[in-house]
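J.: what follows is a predicted protein model with its sequence.
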Amino acid sequence: MYFFTKGLIILIGSTAVSLGINLFLTPYQILDGGVVGIALILHYLYKLKIGLMIIIISIPVFIIAWFKYRAYFYNSIHGLIASSLIIDLLKPVRNLVQIDAIYSAIFGGILMGFGIGLMLRFQTSTGGTDLIAQFLCDKTGINIGILIFMIDSIVIVVGSLLLSSSTLMLSIITVLVVGITTSIMTSYA
């Protein structure tokens, strides 16, 4: 029963993340931080598949996880594969919702934060830069939250320089909403 429940949570969480990206972020070239943000930049610039890019970018992260954080590897590989596949499968829903860009940033952040938070509650995730931050935290002693914030900030600033100035403001809103929603989801266990 545990594996069925965890599988269902991964499916629901991955679908929420995918809908957040496809319905709300991509129509306005809004970024998220971390690996998803890098994949979005590559999609906006070169029309590459977001889910496929997430998997490719995550390979080095998961190699580190295999050797240094085996539990992280096992708890995240399913979420990574499921969310990446669903992101690319749900591509046809893009441009289905037509709302103001600022609301799109907020709703996209809520859906993504809900999906991420739900998966975290069941000790799974989509992988990503959280592991890099954990690895750097272990090596430097810098707080993991600060490291994640720094990585996300770098991704958003670089992406905004490559895309547009409106991308920066909308992406900041999205990252804040993702963080708040994820915190709410994980604080009521």
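T.: Cool, the structure landed. Values in this document were obtained by computation on a predicted structure and should not be read as measured data.
J.: so Leu23 makes contact with Arg94?
T.: Yes. Counting by C-beta atoms under 8 Å, Leu23 does reach Arg94; the two are 7.1 Å apart. For the C-beta atoms, the positions are set from N, CA and C on the backbone; glycine is no exception.
J.: ok, those two, which is more surrounded?
T.: More crowded of Leu23 and Arg94, by other C-beta atoms under 10 Å: Leu23, with 20 against 14.
J.: and stretch 134-141, how far out from the chain middle?
T.: 21 Å (C-alpha atoms, centre = their mean, to the nearest Å).
J.: what does it contact?
T.: Ile64, Lys68, Tyr69, Tyr72, Ile142, Asn143, Ile144, Leu147 (C-beta atoms under 8 Å, 6 or more residues apart in numbering).
J.: so what's Gly117 up against?
T.: Counting by C-beta under 8 Å, 6+ apart, Gly117 touches Thr181, Thr182, Ser183, Ile184, Met185, Thr186.
J.: tell me the spacing between the third one and Gly117.
T.: So the one you mean is Ser183. Separation of Ser183 from Gly117 (C-beta to C-beta, to the nearest Å): 8 Å.
J.: helix or strand: which one has the residue nearest the centre of the chain?
T.: The chain has Val36 as the residue nearest its centroid, 4.7 Å off, counting by C-alpha atoms, centre = their mean. Using DSSP states H and E, the element containing Val36 is helix 34-46.
J.: burial count for Val97?
T.: When counting by other C-beta under 10 Å, one arrives at 15 neighbours for Val97.
J.: test my guess that it contacts Leu25.
T.: No. Using C-beta under 8 Å, Val97 is not in contact with Leu25, being 11.3 Å away.
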